[in-house]
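sequence first, then the predicted structure, then my questions.
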Amino acid sequence: MDFGGPRVPPIWPSMSKATFFSSALGATVAGIEELMGGAYNWRVWHLLGGSELRNRYARSRFGQGWVVLSTGTMIGALASVWSLLWNQSLPELMPFIGTSIIMWNFLSQILSECPSIFVMHSNYYRNQRMNFSVSIYSVIYKNTIILAHNFIIVIVLIIVFGLSINWWLLQIIPAFVLTCITMAWLEYLIAMICVRYRDVIQLITTWLTVFFFITPVMWKPDFLPRQYHFIIDWNPLAQFLELLRAPFLGQPVSAHTWGVTIAIALGGGLLSLPVIGRYHRRVIFWM
């Protein structure tokens, strides 16, 4: 029924299904080209990530060894205190907390750096044409180097506390691949949103702190009552943390964890490609 009032134009312009799918396919292809183009320029993100890590420890005699020393000291202190508070055996709790902290630092550091990475690297993009994904890969690369340094602590924990080394350790290969795939598209989306809306940076920082307390980093999942296990089961950071932690503890990764992480890595990646392809050209105007 028409009451004679002014017509309000639709929010989305009408288009046929063929046009819609053609547009979505074009955006998806553009998103793939953007991510693959950055991966192809590996020398650039290798130089960016390596230089940022070197500048952090410039004029330091111990250099990047401070990463291992500070992380090892924190693990030793926290595990000792937590074993007293929770009345747990230190040889049982130390490897769990140590591995959890190392893997959590890897995940959280990537997520905390990505919101401002486009702004930090804006001078590179204003002076030359380059894929924005180069900055994303540089963050992942730099934190992977830090993770490799911290593997020394994991090896020490395995030797000192006699953790079993078995075939479950090979799970770390697909686990790390899934984590890197997830971090690539998720970090790109977060960086793109944060360069457009700068207030989101503070929101992400706040929520990372919240997730730290509701993720089993400093406490075991067994400490949580069964009726509250949904906090872990549907916590994506908890699932990726378990995916990276279990192989080093000589334990199999559960089917639930594999299912959730694969769905996030591949499903989220497919959904993010058209978004990246549609909006990545606007990032230069938002910087």
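Received the coordinates, thanks.

ok, now which ones touch the nearest residue to F223 once chain neighbours are set aside?
Leaving aside its sequence neighbours, F223 sits nearest to W86 (CB to CB, 6 or more residues apart in numbering; 7.1 Å). C-betas here are computed from N, CA, C, even on glycine. For W86, the contact set (CB atoms under 8 Å, 6 or more residues apart in numbering) comprises L93, W219, F223.

out of the residues you listed, give me the one that has the most neighbours.
The most neighbours of any of the contacts of W86, using other CB atoms under 10 Å, belong to L93, which has 20 neighbours.

ok, and the closest non-adjacent residue to L273?
G31 (3.6 Å).

report how many residues lie close to the one you found.
24.

thought it was touching P274?
Yes: counting by CB atoms under 8 Å, G31 does reach P274; the two are 6.1 Å apart.

the longest helix anywhere in the chain: what's the following helix or strand?
Across the chain, the longest stretch assigned as helix under DSSP state H is helix 133-160. Moving toward the C-terminus from helix 133-160, the next helix or strand (DSSP states H and E) is helix 172-196.

what residues of that next one count as buried?
For helix 172-196, the neighbour count (16 or more other CB atoms under 10 Å) marks 172, 175-176, 178-179, 181-195 as buried.

how distant is that helix from the center of its chain?
5 Å (CA atoms, centre = their mean, to the nearest Å).

can you pull out the residues in contact with the helix or strand following that helix?
Once the chain leaves helix 172-196, the next helix or strand it forms, by DSSP H and E, is helix 200-214. Helix 200-214 is contacted by residues 104, 108, 111-112, 115-116, 190, 193-194, 231, 235, 237-238 when judged by CB under 8 Å, 6+ apart.

make it 6 Å
S108, P115, I193, C194, I231, L237 (CB atoms under 6 Å, 6 or more residues apart in numbering).

go on, stretch 104-117?
135, 139, 143, 147, 183, 187, 190-191, 194, 201, 204, 208, 217.

which one among the residues you listed gets closest to V260?
Nearest to V260 among the contacts of stretch 104-117: M183, at 15.6 Å, using CB to CB.

any idea of the pLDDT on the closest one?
On pLDDT, M183 comes in at 94.

now P115, nearest residue through space, not along the chain?
That would be C194: by CB to CB, 6+ apart, it lies 3.8 Å from P115.

how about the contacts of helix 200-214 in CSV, adding pLDDT?
Formatted as CSV, those follow (pLDDT from 0 to 100):
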residue, pLDDT
S108, 93
P115, 89
I193, 93
C194, 92
I231, 89
L237, 95
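
can you name the two of the residues you listed that are farthest apart?
Within those, C194 and I231 form the most distant pair, 26.5 Å apart (CB to CB).

which residues does the least confident helix or strand in the chain by mean pLDDT contact?
Sorting the helices and strands of the chain by mean pLDDT, DSSP states H and E puts helix 17-40 at the bottom, at a mean of 81. By CB under 6 Å, 6+ apart, the residues outside helix 17-40 that reach it are N131, S133, V134, Y137, L273, P274, I276, G277, R278, H280.

and the nearest residue to the second one once chain neighbours are set aside, how far from I140?
Of all residues not flanking S133 in the chain, G38 sits nearest, at 2.8 Å (CB to CB, 6+ apart). Using CB to CB, to the nearest Å, one obtains 11 Å as the distance from G38 to I140.

ditto for N123
Taking CB to CB, one finds N123 at 21 Å from I140.
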